[in-house]
Structures are given as C-alpha cells and as structure tokens.
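Asks: quick one, what's the 3D model for this:
(chains A and B)
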Amino acid sequence: MNENLNFHRRGELADSAFRYATVAAGGIVLISLSAIAITMTKRAWPAFDKMGLDFFTTSRWAPNDNVFGAKAFIFGTLMAAAIALVIAVPVSIGIALFTTQVAPTKWRRPIVYLVDLLAVVPSVVFGLWGVLVFAPSATGFYNTLHDVLGPIPGLGDLFGEASSGRNIFTAGLILSVMITPIVSSLAREVIDTCPESDREAAFALGATRWEMIRGSVLPHAKGGLVGAVMLGLGRAMGETIAVALVIGSSANISANLFSSGDALPAVIANQWGEAEGDYRAALIGLAVTLFAITILINVAANTIVSRSIVKTQGAR
Amino acid sequence: MLSTKRRSVGLLAATLSLALFAGACGDDGDTTATTPAATGSTASSSTGSVASTTTVAKVDVTGTLAASGATFPKAFYEVAIEAFKKAQPKAAITYAGGGSGKGRTDLQNQVVDFAGSDGLVKEADKALYKGGAFLYFPTVVAPITVSYNLDGVDKLNLSADTIAKIFQRQIKTWDDAAIVAENPDAKAKLTGPITVAHRSDSSGTTENFTIFLNKAAGPAPGTGVWTLKSGSTVEWAADTQAGSGNAGVAQIVKDTKGAIGYVDYSDAKAVGLKYANVKNKAGKFVAPTLDGASAAAAGATIKDDLSYDPLWADGDAAYPIAAPTWILVYVNQTDKVKGETTKSFLRYILTDGQKVTTSVDYAPLPKVLVDKAIAQLEMIKIPA
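Replies: Have a look, this model is predicted:
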C-alpha cells in the first residue's frame, strides 16, 4: 500500500515538473522575443522621435541630411518577397504533391534529398552566384521579357526596361530558390498527415487523382501549408547578404520589377559600418520595422487560416 | 488552484514584466565586442630618451592592442602591424576594420585602444567619447581615382564640374559638349551612354569623393553644380549602378562599356582600370598618382589638432581627390603597458612605416606633417 502511494506521488511530481519545464521553455521564447522587440525599439527611439511617422511614409533616405525614410525599403522587401513567393510556392507545393502522391515510392527519397540539398547551400554563395554569374547575363533575358510582355496594358508596367541584372526581380528569383526547400519539405510533412482513409474514400467515389488531391488532401493540409508559406516568407524577408548583393541598392519605388531597389536587411548590412548616432538608430529602426512587418503578416495569415478552417471543419 | 484562464493571464503578465525589466536593464551604449585579451606580462620597459624626433632608443613594449575602423587604410595597417611585430615581437595588435563609423563608435565606448577614421569627428559628438579628449594622428594619404571604361581613350581629362554633372546624371552620354571640350583629341572615340557606378555600402571613400565634389563644384565658393552634398551615403540617382566595396565598383567599371566610377587607387590598379586626369584647384589636369597625393597633402593647411584637408588642395602638382585618414587615440591612456605599445606603434607608423606605404599603394605623408605628428606623440599621457 505504501509503495503504491509513493509511486503515485512520484508520478504526480514528474507530471508537475514536466508541466513547469515546458511552460518555462515556452516562456523563454516569449521573453526573448519581447526583450528583443523592447530593447531594439529603445535603441531606435532617437530616429523615430526625430522623424515621427514620416519614418514609414517618406521614401527619402538621406543620412547626410538627417532624413530617414523607410518606405522605399519596405516596398523593396515586400516586392522581392512577393516575387519569391509567386515563383516558389507553386513549385514547392508541386514538389511536395509530386513526391507524396504521384512519384513511385522508390524515387521519393532521392528527390527529397536533392531538394533539401538546396537548403544546405549558404546564402552568401547564392548571393555571389547571383552577382557574378546570373546578374551580368540576365539583362538580355529581362529585356526580352520587356519586349514580349511590355505592350500588354496592365502587365506592361511591371516589366519595364532593365538597365542591369541587379534589380528586385533578380533578388526575388534568388530568394525563391532559397525558400523552395523550406516550403516543400514542410508541405510534404503536412500532406503526409492527411489520413489515408479520406484519400481512399475519394478514390472509392470515383475521383481522379487531381480531384482527390483537391478534395481530401488540400483542405486538410491548408493550415499547415499556410504555415509553410509563412516560414518561407519569413526567410525571404529576412535574407540579407544574397539580397544585398543583387538588389541594386537604390532607395527608389517603382512599378518596374526590373528596376533597382533596396530591402530592409540589405540596407542595415550595407550601411552599418559607417553609421553613428542618429544614423545608427535609424538602421535599428529599420530592423524594428522588419520585425513588426513579419509579425503583422504572420498574425494576418493565421487569422485568415483559422477562419477558413472554422468554415470547413467547424470550430476547434 | 487558480483557474486555467487566470493562471495564463498571470503567466503572460509575468512574462511581459520580465521582458520589460530585461529591456530596461540593457545599457544605452553598444554592447561591447570581445574585450581585448588581458595583457600578459608586467615586464617594465626600459626608459628610452625621447629627446630628438629622429633617433629614439628602442623601448620594448609588450601590450596587446585591439583596434577597428576605416577599411580604406586597412591594407597599410596590416603591413605596418606585421613589420612592427618583427621589431617588437612581444606586442600584439589587431586591426579589425569595419568602417570609420564603427571605429569611432568603438572608441567612444572604449572597446578599442585606437580607431582608424577617414573622417573627422563632429563637434557635437566629441562629448560622447567616454575616455575624454582624443588626438588625431594622420597616417597615410591615397588618391581616389575616377576610373572609366572607354575603348581607345587612354587619356581622359575631367574637371570637377563635369564629374559632378556625370555623377548626377545631367550628362548621360560620352559625346556631351562638356567632355569633348576637355578632350578635343579623343572626340571620335567619345561615344555611347555613360553608366555611373557608385558604392552600395556606406563608405569613407564615398565621403571623401563627395567632399571633393562639394568643395570644388558644390555650393559657394564652389560652382554650384553639385547638389547632393557629402556623406558616407548620398542619394544617387535611380538609374545608376551600385557595387559592394571598392572591388564591386571596380568590377562594374571593368565589365561595362562606357562605365565610370570612383575607386580607390589600390583596387583600381589591381583590376587594371584606366583613370581620368582630374583638374585641380590650380587648373592643371593631374593623374591619380601617389606623388600627386603627397603633393596634395603638402599643399593642405594643417590645423593645430593635425586635422587637414588634402581634398581640393592648392598646388600645381596636387591631385585633387587625395583622401586622408587618421588614427584616433585618447590623450589619457588608462593602462601603462597598452599606452606605451600604442605610442610605440604610432611612432613606428610615422617613421619606418612611412617607408613601406608605396609598396601597398599608399602615399607617405609630407615631412612637415610627420614632424608635427611625432611631436604630438608627447601629448599622450601614460600612467606611471
């Protein structure tokens, strides 16, 4: 009887210890994130104070005149990330669907291995390849695209003239290569969790493979897929060196994808060495801006996803 | 037991307050980089006589110094450190680079023993230097070239006004009247669009180049053509190209026909670019050579604190875009061993070090400046 009681108490203790340990782990993450946000905002405060809301609404970045405007960089970051997503997401989900649904089982592992190998390549290697190999030879390709797509009324503005290979489109292209392995491996994991029974049921009702994927796999995987895309987006927005080398470094907003621009992390990396005082505070302010944008986009995406899950699967 | 909801609210409140506390605890200055390694021995140095400025009895120094700052003179400092190590094997000096701004900020926070800077410290910032007053020690001068890529044009003369107009995209083609007027012999080969290359990263080279343009072609007493002012980053026009580092700009100029860019002398020479002859204040077109840079330094007015401006200097042989650089060091040294090592290293740069500058494509300082700098060494106070 005594031994049973001791055993029971030990089990309870272990349970409480486990609970506190996991709460502590989660708490540490929360504390670190909040501490980062708070200390950075504090350091960036001189610049926010001086510029006020203009910090986010003016596109003029003139440190020698003490004018700091982040608009052009916010635009560049979002534009390059958007291009990366538009190219990478269909490709990654396609890869994930291919490896899980379509490919013969024995091909699955080599393909997965090859795609994951992309994730191992350091970003600076992509950046150097971009600036030394791709960008010099890309100008011709971009001008061809301009000639072909330019005349189209709406799309034409996006595909203007390319004076050099170092522009937002190149940055987006390189980012898409870098985020493909992340999005595809997460998508693969999520798609794998779809129950076999749902899929078999779809086949039993006479669905074709695509109808089965659209009807049983994708709705089930929607939340996870958005999570995968968010992770890819996070990497695309935060990528520094690869973008800094190929984006053209010009604080300029233009609809032309082939014009040079600049992105928040690239500006920080490029201009940190010579920055002092208010200029340095402004660069830290750019980091805070990036942090805030990432959080906002994540929150927005999660809200949209949970609403749509409520619609299709009922409240959780 | 608290209900789950109240407990999670309590947890959230605790987390946020902890984060705020952690945030408030952070110091206002920059977080320090790795502190310099502890100085080794307590070996005393024999007292050497410092009476004359030319012969000094050898004093053994043993300190370990950390430094950071301008990347423009970094190649020279590394050669000087290597050579100094042969003369003083027990001393160890590391120069980390990182940019003039970083160097000055590090010195403000006393993270480094001395800092390299291409630019002078603003009056308003002097109060930020926690160690008190500091001294400027000029070390080398080097020309900034205006490199170009034009087939068949081996000699290109450009005045400051023309350079200003080119870099502001007011002149967009090589056959513009202003360029032809300065180069009548090359008229046939001056064709095609101009591609302007500048730095994507902030840089002391950009700062010195734009200071030159501002002085020569900027607001009065200049000609009023240059409107972008000066700074380590300026607002270049959108249809220009940006390269990372001097090497990046050099690469753009080398690879693009009709390109023009500002590149420091050693990188332009290494890549094999052609440089323009720039019109100086005396009206002569001077090539970017080390002699031209030394002549510019000789023609500059030297202030009492040894700050001087060789950009747009007087003198027939002066190259107008000669960039200066200094080492900043505190007057009141806090550590005897490190203070003596710093003083010894500075003396080395100003004496034997001046002999090795040309081997790494930097120009030595004129004698009058070197003598003043060596005399200023006595102002460094080392604790007993």
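
Asks: from residue A:164, how far out is the residue in the stretch 251-384 of chain B that chain A sits nearest to?
Replies: When distances are taken as CB to the nearest CB, the stretch 251-384 of chain B reaches nearest to chain A at residue B:255, 6.4 Å away. C-beta: built from backbone N, CA, C; applies to glycine. Between residue B:255 and residue A:164 the distance is 10 Å, computed by CB to CB, to the nearest Å.

Asks: and the two? Which one has more around it.
Replies: Neighbours around residue B:255 and residue A:164, counted as other CB atoms under 10 Å in any protein chain shown, are more numerous at residue A:164. The numbers are 22 against 13.

Asks: show me the contacts for the residue nearest to that one when sequence neighbours are not counted.
Replies: Using CB to CB, 6 or more residues apart in numbering or on different chains and skipping the chain neighbours, the partner closest in space to residue A:164 is residue B:241 (5.6 Å). For residue B:241, the contact set (CB atoms under 8 Å, 6 or more residues apart in numbering or on different chains) comprises A:163-164, A:166, A:248, A:260, B:195-198, B:252, B:256, B:259.

Asks: what residues of stretch B:326-333 count as buried?
Replies: Residues of stretch B:326-333 classed as buried by neighbour count (16 or more other CB atoms under 10 Å in any protein chain shown): B:326-330, B:333.

Asks: touching chain A at all, it?
Replies: No: counting by CB under 8 Å from any CB of the partner chain, chain A is not contacted by stretch B:326-333; separation bottoms out at 12.9 Å.

Asks: that stretch - what's its average pLDDT?
Replies: What stretch B:326-333 shows for mean pLDDT is 94.

Asks: which bits of chain A sit near chain B?
Replies: With CB under 8 Å from any CB as the criterion, chain A meets chain B at residues A:23, A:27, A:30-31, A:34-35, A:38-39, A:42, A:60-65, A:131, A:136, A:163-164, A:166, A:244-245, A:248-252, A:254, A:259-260, A:270-277, A:279-280.

Asks: adding pLDDT, secondary structure and distance to residue A:306, write the contacts of residue B:241 out as JSON lines.
Replies: Shown next, in JSON lines, are the contacts of residue B:241 (pLDDT from 0 to 100; DSSP: H, G, I helix; E, B strand; the rest coil; distance: CB to CB, whole Å):
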{"residue": "A:163", "pLDDT": "85", "secondary structure": "coil", "distance to residue A:306": "45"}
{"residue": "A:164", "pLDDT": "86", "secondary structure": "coil", "distance to residue A:306": "44"}
{"residue": "A:166", "pLDDT": "91", "secondary structure": "coil", "distance to residue A:306": "40"}
{"residue": "A:248", "pLDDT": "89", "secondary structure": "strand", "distance to residue A:306": "38"}
{"residue": "A:260", "pLDDT": "92", "secondary structure": "coil", "distance to residue A:306": "39"}
{"residue": "B:195", "pLDDT": "94", "secondary structure": "strand", "distance to residue A:306": "51"}
{"residue": "B:196", "pLDDT": "95", "secondary structure": "strand", "distance to residue A:306": "51"}
{"residue": "B:197", "pLDDT": "95", "secondary structure": "strand", "distance to residue A:306": "50"}
{"residue": "B:198", "pLDDT": "95", "secondary structure": "strand", "distance to residue A:306": "48"}
{"residue": "B:252", "pLDDT": "92", "secondary structure": "helix", "distance to residue A:306": "49"}
{"residue": "B:256", "pLDDT": "90", "secondary structure": "coil", "distance to residue A:306": "51"}
{"residue": "B:259", "pLDDT": "95", "secondary structure": "strand", "distance to residue A:306": "53"}
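
Asks: re earlier: can you say which of the residues of chain A next to chain B are buried?
Replies: Using 16+ other CB under 10 Å as the burial test, the residues of chain A next to chain B include A:27, A:30-31, A:34-35, A:38-39, A:42, A:61-64, A:131, A:136, A:163-164, A:166, A:244-245, A:248-252, A:254, A:259-260, A:270-277, A:279-280 as buried.

Asks: who's the residue nearest to residue A:164 bridged to?
Replies: Partner residues in beta bridges with residue B:241: residue B:197, with DSSP bridges as the criterion.

Asks: can you give me the distance of the closest residue to chain B within the stretch 51-200 of chain A to residue B:228?
Replies: Using CB to the nearest CB, the closest approach of the stretch 51-200 of chain A to chain B is made by residue A:64 at 2.7 Å. Here residue A:64 is placed at a distance of 8 Å from residue B:228 (CB to CB).

Asks: kindly report the same for residue B:336.
Replies: Using CB to CB, one gets 47 Å for the distance from residue B:336 to residue B:228.

Asks: and residue B:115, helix, strand or coil?
Replies: Classification of residue B:115 into helix, strand or coil gives strand, according to DSSP: H, G, I helix; E, B strand; the rest coil.

Asks: that one and residue B:106 touch, don't they?
Replies: Yes: between residue B:115 and residue B:106 a contact is recorded at 6.0 Å, counting by CB atoms under 8 Å.

Asks: so who does the most centrally placed residue in chain A touch?
Replies: Chain A has residue A:233 as the residue nearest its centroid, 1.2 Å off, counting by CA atoms, centre = their mean. With CB under 8 Å, 6+ apart as the criterion, the residues that contact residue A:233 are A:81, A:85, A:179, A:297.

Asks: now the chain, which segments are flagged as low pLDDT?
Replies: Using chain A. Counting by pLDDT under 70, chain A contains low-confidence residues at A:1-5, A:312-316.

Asks: please refer instead to chain B.
Replies: Low-confidence segments of chain B, defined by pLDDT under 70: B:1-58.

Asks: break it into its domains for me.
Replies: Residue ranges for each domain of chain B read B:3-140+B:324-379, B:144-298, as given by automatic domain parsing.

Asks: quick one: the closest residue to residue B:364 other than its chain neighbours from residue B:347, how far?
Replies: Nearest residue to residue B:364, sequence neighbours excluded (CB to CB, 6+ apart): residue B:354, at 4.2 Å. Counting by CB to CB, the gap between residue B:354 and residue B:347 amounts to 11 Å.
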